[in-house]
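[1] what's the 3D shape of this:
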Amino acid sequence: MTEKIGIIVGWEDTFPAAFIAKINETPGYQAEIAKIGPTYAEGWASPYRVLVDRLSHEVPHYRFHLKAAALAGTFVINDPFWWSADEKFFGYSLAAKIGVAVPRTVMLPQKGYRPSIDPNRSLRNLEYPLDWEKIASYVKFPAILKPADGGGWKNVSRVNDMDELMRDYDASGELVLTLQEFIDFDEYIRCICVGKDFILPIKYDPRQRCYIEADKFMSATLENRVIEDARAINHALGYDMNSVEFAVRDGVPYAIDFTNPAPDMDVRAILPRYFHIVVDQMARFCMNAAREGRKNDVKYAFRSYLDAESNGVASSALSSATLSTRG
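    Next up is the predicted model:
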């Protein structure tokens, strides 16, 4: 039996082609650009054992389809249910709780609202006015102002004082922003992560937004901490495809950006040396997942019902047991 692996992509060219070719070298596996048509609510199953999602954050139809595929037993990278719910500020809060160093960060109420929002009625829960002096004294200047759920360096600015903060905040519209401590870094590392545990640290220049080919650019102690922190983040967030960025100050790696479930894997960005490693690891991970019949490791309420059905437990019996525990 041939295991089918599909990849959902947009403008990308180098990674999908290399990924598909690598998998198709191995007998028993067939990889292709996934074809997605109508999705039926009943009696439907995806033809793919594994689906790699590189685009559903931009195409809602794909996101909805991937949820149905996961429900039908396809292993989706990354879990579409969690990806729909995740955002960067939650990531900072979670990372801090698991012991990963993060910059001081405060989430701010949005400045603007849709026209249907009546501030006098719909925003009664909102503290007003904000204590801007308290916020600034906690984060300190200079600081980075950026969307709480954004990516791709969009709407990111450095603010050096209160006047600049107010200027950029007042111009932010309906964006929910975070104000974050600026880390004046000594080193900067971006890790490409595959399957939670494979971590490839690469020297990175965030000012030029480019990777730099370099050997032994970290001490062994720093490298070990970067790898372990990246693994901890991936396991906590459940991502099998991610990039994790660290700004290093005084030997401490601060996790700056780490909710990137469709990280850049283009050869022109990550350089040929690292590109081939990432392609090999992604292909190997997907083939292993297909062979093992892996499913997304989720604990959503619906999963208990599906698992009970697959184990031969009648849904009515499960419902009765559930009701009895509530009584």
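
[2] in the longest helix seen in the chain, what's buried?
    As assigned by DSSP state H, the longest helix anywhere in the chain is helix 267-292. Counting neighbours by 16 or more other Cβ atoms under 10 Å, one finds that the buried residues in helix 267-292 are 267, 270, 274-275, 277-279, 281-287, 289-290. Backbone N, C-alpha and C define where each C-beta goes, glycine included.

[3] helices or strands next to it in the packing?
    Helix 267-292 is packed against strand 3-8, helix 14-24, strand 29-33, strand 50-53, strand 75-77, strand 187-194, strand 198-205, strand 210-212, with contacts defined by 3 or more Cβ pairs under 8 Å, 6 or more residues apart in numbering; DSSP states H and E.

[4] still on that earlier bit, return the member of the buried residues of helix 267-292 nearest to Phe81.
    Nearest to Phe81, judged by Cβ to Cβ, of those is Ala289 at 17.2 Å.

[5] what sits against that closest one?
    Applying Cβ atoms under 8 Å, 6 or more residues apart in numbering, we find Ala289 in contact with Arg49, Val50, Phe75, Ile77.

[6] redo that, cut-off 10 Å
    Glu3, Ile5, Arg49, Val50, Val52, Phe75, Ile77, Gly195, Asp240, Lys295 (Cβ atoms under 10 Å, 6 or more residues apart in numbering).

[7] kindly reformat those as TSV containing distance to Phe90 and pLDDT.
    Output for those, formatted as TSV (distance: Cβ to Cβ, whole Å; pLDDT from 0 to 100):
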residue	distance to Phe90	pLDDT
Glu3	34	97
Ile5	30	98
Arg49	30	97
Val50	27	98
Val52	24	98
Phe75	24	97
Ile77	20	98
Gly195	22	96
Asp240	18	97
Lys295	24	90
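
[8] which single one of those residues is nearest to Leu222?
    Closest to Leu222, out of all of those and judged by Cβ to Cβ, is Gly195, at 23.0 Å.

[9] from what I can see the closest one touches Val278, true?
    No. Counting by Cβ atoms under 10 Å, Gly195 does not reach Val278; the two are 11.5 Å apart.

[10] quick one: common contacting residues for the two?
    With Cβ under 10 Å, 6+ apart, Gly195 and Val278 have common neighbours Met241.

[11] out of everything not next to it in sequence, what's closest to Pro80?
    Leu66 (4.0 Å; Cβ to Cβ, 6 or more residues apart in numbering).

[12] do Phe285 as well
    Gly195 is the one closest to Phe285 (Cβ to Cβ, 6+ apart), at 4.3 Å.

[13] got the contact list for that neighbour?
    77, 234, 239-242, 281-282, 284-286, 288-289.
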